[in-house]
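1. A structural model of the following input is requested.
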Amino acid sequence: MSVLVPFLIGGLVMLISYWWYKERRQREKLGWIPRVPGLPILGNIMEFKNSTVFVPILLEHASKNNGLCYIDLFNRKLIVATDYDFLQFVLTSMNILDKSTEYNFLHKWLGMGLLNAREQRWKKSRKMLTPAFHFSILEQFVDVFDNNSSIMCELLQKEAINSEHVLNIFPYVAMCTLDIICESAMRVPIGAQKNHRSDYVFAVKDMCRIVIERVFSPIKMFDTLYPLTKDFYKEKRNLEVIHSRTLSVIRQRKKELEMESLQERGNYGGKPKKLAFLDLLLQSTMDGRPLTEEEIREEVDTFMFEGHDTTSAAISFTLYCLSEDEEVQRKAIEEQQRIFGSEKDRSVTHRDLLEMKYLELVIKEALRIYPSVPFIGRLSDNDVKYKDGKIIPAGVGVMILISAVNLDPKIFPDPKKFDPSRFEHPDKIPPYSYLPFSAGSRNCIGQKFAMLEMKAVISKVLRNFVLLPSGEAPILCAETILNSKNGMKVRLGKRDWI
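-> Residues are numbered from 1 along each chain as shown. Below is the predicted model:
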């Protein structure tokens, strides 16, 4: 044993020397960006005590440093950006396409699906998946949006008996969007709205919490220390629930497709039948071979994650905003009455959704104030030249604070005021100053799907209920999406129709 001691000490010295050299080089290259003072070794990590303070603290640091600074998180450096020129450069650069290190904590859950994929895999996946979001495919799912939002409104009728009753509407919306995304993505109705105690919903919500806590926890961020925590075992149980559900559906659908002819599966021409996202994956190839079951699982889980929690948050915040603004709600209802006339309860059509111009302004404004994804991260494996000889170092993550970008008073005067008319003239809003679906090459592939779904659900709620203020503002917390710690509180009254 004594013979090994010098080698162990030597190895430790080499590791420390390498870390010190890397640290010094990165700091030299980051010299043009203000550094937020922090503790020795720990850096700024102790500032982030819970999910309600993540975004406010980052916003405070960025605002004190003219929209650009960097923080230390143990052995990681993270550029925090709200500066318009810088974020535009990052989002349009073809050299900064990878997601930042923080996304690694999603790997066990989502693998190398479209959200997490490295540049080369992402390019192939994006090309493969784009046909799934063609308008001729999207309009097939309008009846799925309509049927499931009808179920939600039936459940909400019980809450509208007493207009003084304060209701947390988020769980209803979350179950509705889960039913929609499962049926749209996997062609399998799961009936989450009628089974409120969904293990899947709990597992997804808990994974969102675990992921963001790992980003800022001085213990959980390290793979070697993480197994010493309770969350390690909670994550394991959550992933068993999520992955087993997805794999079960994949195997079931694969057997069904084997029994169908190519014509029965549907096509992109003529009058197509419903072709779910999963069907496309089962028929796709990458590098000349069919996708493996694991690759399909990663893409389906990614689509479920990106299309469920983000949409349920957006719908809930929009309903809250409508409940707080009687005039905006009145205009939204007038539009609904023009479209539906005396047929309040008829099924919505794709054409109806396209005609909901004012409701789209309302949704856009709600997403401006309450973006479902409050921040996004980017990373490059190589040094990237910015301007005037400035360098964005390899391996240093860039976090773009969408929450701050959307509230820039230079672009949006009185930025915290809810005013849908801001979007009546979109040509007056500079590019990259409004980022609800990210921007650049790695923007949200499903944003058209999401907008149609949000319109369908909110339209159904508006046609059935008057949204009334609760007197309880949301307490914002940023997990992987923007959420409210105290729920999304509204009151419901019966809607008088024309």
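2. which residues in the stretch 301-450 of the chain form helices?
-> With DSSP state H, counting those that start in this stretch, the ranges of helices along the stretch 301-450 of the chain come out as 326-340, 350-355, 357-369, 402-405, 447-464.
3. elements contacting the next helix or strand after the last one?
-> Beyond helix 447-464 in the direction of the C-terminus, DSSP states H and E gives the next helix or strand as strand 465-468. With contacts defined as 3 or more C-beta pairs under 8 Å, 6 or more residues apart in numbering; DSSP states H and E, strand 465-468 has these neighbours: helix 293-324, strand 489-494. No exception for glycine: its C-beta is placed from N, CA and C like everyone else's.
4. so which of those gets nearest K344?
-> Ranking the helices and strands packed on strand 465-468 by proximity to K344 (C-beta to C-beta) places strand 489-494 first, at 12.1 Å.
5. the closest one pairs with which strands?
-> The pairing partners recorded for strand 489-494 under DSSP bridges are strand 166-168 (antiparallel), strand 465-468 (antiparallel).
6. just put those strands in TSV and tack on distance to R368, mean neighbour count and mean pLDDT.
-> Listed next are these as TSV, based on distance: least, C-beta to C-beta, whole Å; neighbours: other C-beta atoms under 10 Å; pLDDT from 0 to 100:
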stretch	distance to R368	mean neighbour count	mean pLDDT
strand 166-168	23	18	93
strand 465-468	19	22	96
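7. redo the ones you listed as TSV? Include distance to V241.
-> Formatted as TSV, these follow (distance: least, C-beta to C-beta, whole Å):
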stretch	distance to V241
strand 166-168	24
strand 465-468	33
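8. from I79, how far out is the residue nearest to W32 when sequence neighbours are not counted?
-> In this structure, W32 finds its nearest non-sequential neighbour in K390, 4.9 Å apart by C-beta to C-beta, 6 or more residues apart in numbering. Distance of K390 to I79, given as C-beta to C-beta, to the nearest Å: 12 Å.
9. quick one: closest of the strands paired with strand 489-494 to P227.
-> Of the strands paired with strand 489-494, nearest to P227 by C-beta to C-beta is strand 166-168, at 35.0 Å.
10. next SSE downstream of that closest one?
-> Downstream of strand 166-168, the first helix or strand assigned by DSSP H and E is helix 170-186.
11. what is the next helix or strand along the chain from that next one packed up against?
-> Next in sequence after helix 170-186, counting helices and strands by DSSP H and E, comes helix 199-216. Counting contacts by 3+ C-beta pairs under 8 Å, 6+ apart, helix 199-216 packs against helix 170-186, helix 230-258, helix 293-324.
12. turn the ones you listed into TSV, including mean pLDDT.
-> Rendered in TSV, the data for the helices and strands packed on helix 199-216 read as follows (pLDDT from 0 to 100):
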stretch	mean pLDDT
helix 170-186	90
helix 230-258	91
helix 293-324	93
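13. redo those helices as TSV? Include distance to M152.
-> Converted to TSV, these look like this (distance: least, C-beta to C-beta, whole Å):
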stretch	distance to M152
helix 170-186	4
helix 230-258	21
helix 293-324	10
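14. any idea which of those gets closest to P131?
-> helix 293-324 (13.4 Å).
15. buried residues of that closest one, list them for me.
-> Neighbour counts using 16 or more other C-beta atoms under 10 Å place 295-324 of helix 293-324 among the buried residues.
16. wait, isn't V362 in contact with R330?
-> No - when contacts are counted by C-beta atoms under 8 Å, V362 is not listed as touching R330 (11.6 Å).
17. more neighbours: which of those two?
-> V362 (26 against 9; other C-beta atoms under 10 Å).
18. how close does the more buried one sit to E294?
-> To E294, V362 is 41 Å away according to C-beta to C-beta.
19. kindly report the same for D383.
-> 34 Å.
20. what's the span of stretch 134-150 from first residue to last?
-> 25 Å (C-alpha to C-alpha, to the nearest Å).
21. and the average pLDDT for that stretch is what?
-> Average pLDDT, stretch 134-150: 89.
22. ok, and the helix or strand in the chain with the lowest average confidence?
-> Here the helix or strand of the chain ranked lowest by mean pLDDT, DSSP states H and E is helix 262-265, holding a mean of 52.
23. after it, next one along is what?
-> Under the assignment DSSP H and E, the closest C-terminal helix or strand after helix 262-265 is helix 277-283.
24. other residues contacting the next helix or strand after that following helix?
-> Using DSSP H and E, the helix or strand that follows helix 277-283 towards the C-terminus is strand 285-286. Residues from elsewhere that reach strand 285-286 (C-beta atoms under 8 Å, 6 or more residues apart in numbering): K124, S125, M128, L291, E295.
25. looking at those, which one is closest to H243?
-> Taking C-beta to C-beta as the measure, H243 lies nearest E295 of the contacts of strand 285-286, at 13.3 Å.
26. which residues does the closest one contact?
-> G111, M112, M286.
27. now with 10 Å?
-> The neighbours of E295, taking C-beta atoms under 10 Å, 6 or more residues apart in numbering as the test, are G111, M112, G113, R121, S125, L281, S284, M286.
28. next, count neighbours for the closest residue to T101 other than its chain neighbours.
-> Once flanking residues are discounted, T101 sits nearest to G397: 5.4 Å by C-beta to C-beta, 6+ apart. Here the number of neighbours of G397 (other C-beta under 10 Å) works out to 21.
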